[in-house]
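A.B. asks: Kindly return the folded structure for what I paste below:
(one chain, ligands or ions: 2)
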Amino acid sequence: MNSHILSVCFNSTIGEMLAKVLNNSFLDANDFHSQSNKEKMHQGIPLSEEDRIPWLESLRDALRERLAGGKTVVLSCSSLQKKYREILRSSDSNFVSAVKFVLPDAKAEVLAERLKKRAEEGKHFMPATLLQSQIDLLQIDDSEGTFKVDAATLSPRAIVNDIKSYDFMINST
Ligand SMILES: Nc1ncnc2c1ncn2[C@@H]1O[C@H](COP(=O)(O)OP(=O)(O)OP(=O)(O)O)[C@@H](O)[C@H]1O
Ligand SMILES: O=C(O)[C@H](O)[C@@H](O)[C@H](O)[C@H](O)CO
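C.D. replies: Ligands and ions are numbered 1, 2, ... in the order given. The predicted model follows:
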């Protein structure tokens, strides 16, 4: 089995469920944020590039360690920009194929509704007001081969099944 990293942009619900189904370990990028990053987001201030880079580098190191140990990992991480994804990709010393990205895709209104509900339940440090700044940064480059899955209408279970049946899963297990 080739070890690989699956980075599920934008969604820890899906990432956690996928990791369970695949019997892999799961990392939530939010757990790697510094306290000051979390406080900043909690106050509704978008992170800057300077805030993000050390966070992404710590994720890269965590992925590298697991890859070196032959482990397959599911990571949920916003990884909004291609240059951020490149940092995660660099966890693979061959810099080519170990890190795969999945984008659970949904319109801003759908995401806003979900985040509003989540914020009302007090379950997360990030307020729904930051969503637009995240969407503004989101960069999808078709040449990267990111797997998009419909996250607007499908249930988390159906999304996980879709990801599982995708080609790169078949090739990498
Ligand atoms: N496919 C789905 N259908 C319905 N609700 C969903 C779906 N996926 C996620 N949700 C709900 O949307 C909310 C946001 O999801 P989640 O916390 O997984 O997002 P996230 O992208 O990891 O957020 P963040 O990056 O801010 O931590 C949660 O309340 C979750 O239950
Ligand atoms: O890059 C960023 O702006 C942040 O790190 C966010 O993406 C958070 O990790 C997450 O989405 C919070 O819930």
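
A.B. asks: Is ligand 2 within reach of the top helix by length along the chain?
C.D. replies: In the chain, taking DSSP state H as the definition, the longest helix is helix 49-68. Yes: against ligand 2, helix 49-68 shows contacts by C-beta under 6 Å from any ligand atom at Arg52. For every residue, glycine as well, the C-beta is placed using N, CA and C.

A.B. asks: what mean pLDDT does that helix have?
C.D. replies: Averaging pLDDT along helix 49-68 gives 94.

A.B. asks: Touching that helix from outside, list them.
C.D. replies: By C-beta atoms under 8 Å, 6 or more residues apart in numbering, the surrounding residues in contact with helix 49-68 are 3-5, 25, 27, 29, 32-34, 36-37, 40, 47, 73, 75, 77, 79, 84, 87-88, 90-93, 98-99.

A.B. asks: Going by neighbour count, which residues in the next helix or strand after that helix are buried?
C.D. replies: Downstream of helix 49-68, the next assigned helix or strand under DSSP states H and E is strand 73-76. By 16 or more other C-beta atoms under 10 Å, the buried positions in strand 73-76 come out as 73-76.

A.B. asks: where does this structure come near ligand 2, residue by residue?
C.D. replies: So the chain meets ligand 2 at 29-30, 41, 47, 52, 78, 80, 126, 134 (C-beta under 6 Å from any ligand atom).

A.B. asks: The protein: helices as residue ranges?
C.D. replies: Assigned by DSSP H, the chain shows helices spanning 12-22, 35-42, 49-68, 82-89, 108-120, 131-137, 156-165, 167-172.

A.B. asks: The top strand by length along the chain pairs with which strands?
C.D. replies: Across the chain, the longest stretch assigned as strand under DSSP state E is strand 99-105. If you go by DSSP bridges, strand 99-105 pairs up with strand 5-8 (parallel), strand 147-150 (parallel).

A.B. asks: lowest-pLDDT helix or strand in the chain?
C.D. replies: helix 167-172 (a mean of 56; mean pLDDT, DSSP states H and E).

A.B. asks: Lowest average pLDDT across the strands paired with strand 99-105?
C.D. replies: Looking at the strands paired with strand 99-105, the lowest mean pLDDT belongs to strand 5-8 (a mean of 64).
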